[in-house]
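>>> structure of the sequence below:
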Amino acid sequence: MKIVVIGGTGLIGTTVVRVLTERGHDTVAAAPSTGVNTYTGEGVAQAVSGADVVVDVSNSPTLDDAALEFFRAAETNLLRAEADAEVGHHVALSVVGTAELALQSGYFAAKLAQEKLIAEGPVPYTIVHATQFFEFVDTLADSATVDGSVRMPPAYFQPMAAADVAEGVARAALDAPVNGIVEIGGPHAVLLPDLIRTALTARGDTRPVIADPDAQYWGVDLGERTLVPGPAARLSTTRFEDWLLRSATTR
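Purely as a prediction, here's the structure:
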């Protein structure tokens, strides 16, 4: 089976390409660096020609209102090329809680618009909603640091390793289209401040972590379980503590 991975040179895409290749599929990494630009349309038709499945794990270069223009243009170009090439399955990576987050965030409103284009488009599809990645926990802590303290809302989330996200996306690519959303997440839900505190302690970072009901998550007010997947989610097995130990040995 020929599978084209849009964003195939990034954090998730690289692993998706490797996993699918190891399973015997003709897998192609497509990105601007390989001459494929979904935003401008450059190289898209050629890239998806003959593909059975197209996996889109690309992301907007900005995480604000400008993301809407990117996702609209990129998804329109990609879906049009896939329809012309008679691609049988479009898989896209998105985020658990997108619909609720979109009410306050321009970036998540753009992701929701992307999902709408896919759902109303001409290609059978699966949208994979993933939870936050372990790899972004340090960045999250930095974004929430005020006067030397990390202030996080006491809300639950269920993060997972990027490698497990890629595995979930690869699985969706090999399954039949569901014409809907599949959720994936980490092994268990934990309060944001608790996990951030664990991460900082492991790194020797002495910043105090404060559970603040008025704090926001990337500028968004969270409900208690906005970031937690539903009961039908496919859960990975990698625990955050084990991931921390492994990542420490590679530093």
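
>>> pull out the buried residues from the helix or strand bottoming out on mean pLDDT in the chain.
Here the helix or strand of the chain ranked lowest by mean pLDDT, DSSP states H and E is helix 240-249, holding a mean of 87. Neighbour-count burial for helix 240-249, counted by 16 or more other CB atoms under 10 Å, picks out 240, 243-244. To be clear about C-beta, it is placed using only N, CA and C from the backbone, and glycine gets the same treatment.

>>> kindly report the same for stretch 123-140.
Buried residues in stretch 123-140 (16+ other CB under 10 Å): 123, 125-135, 137, 140.

>>> could I get the residues you listed as CSV with distance to residue 170 and pLDDT?
Formatted as CSV, the buried residues of stretch 123-140 follow (distance: CB to CB, whole Å; pLDDT from 0 to 100):
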residue, distance to residue 170, pLDDT
123, 19, 98
125, 16, 98
126, 12, 98
127, 15, 98
128, 10, 98
129, 16, 98
130, 12, 98
131, 17, 98
132, 19, 96
133, 16, 96
134, 18, 96
135, 18, 95
137, 23, 94
140, 25, 94
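
>>> just the buried residues of helix 240-249 now: which is nearest residue 41?
For the buried residues of helix 240-249, the residue nearest residue 41 by CB to CB is residue 243; the value is 38.0 Å.

>>> I figured that closest one hits residue 160, correct?
No: using CB atoms under 8 Å, residue 243 makes no contact with residue 160, being 9.0 Å away.

>>> between these two, which contacts overlap?
residue 134 (CB atoms under 8 Å, 6 or more residues apart in numbering).

>>> show me what the least confident helix or strand of the chain is packed up against.
helix 192-203 (3 or more CB pairs under 8 Å, 6 or more residues apart in numbering; DSSP states H and E).

>>> let's see which of the buried residues of stretch 123-140 end up in helices.
137, 140 (DSSP state H).

>>> what bits of the stretch 151-251 of the chain have low per-residue confidence?
Counting by pLDDT under 70, the stretch 151-251 of the chain contains low-confidence residues at 249-251.

>>> tell me where it has strands.
Ranges of strands in the stretch 151-251 of the chain, per DSSP state E, counting those that start in this stretch, are 156-157, 180-185, 190-191, 209-211, 234-235.

>>> between those strands, which gets nearest to residue 218?
strand 156-157 (11.9 Å).

>>> quick one: which of the buried residues of helix 240-249 is nearest residue 108?
Distance to residue 108 across the buried residues of helix 240-249 (CB to CB) is lowest for residue 240, with 23.8 Å.

>>> now tabulate the buried residues of helix 240-249 in JSON lines and tack on distance to residue 29.
As requested, these are exported to JSON lines (distance: CB to CB, whole Å):
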{"residue": "240", "distance to residue 29": "29"}
{"residue": "243", "distance to residue 29": "25"}
{"residue": "244", "distance to residue 29": "29"}
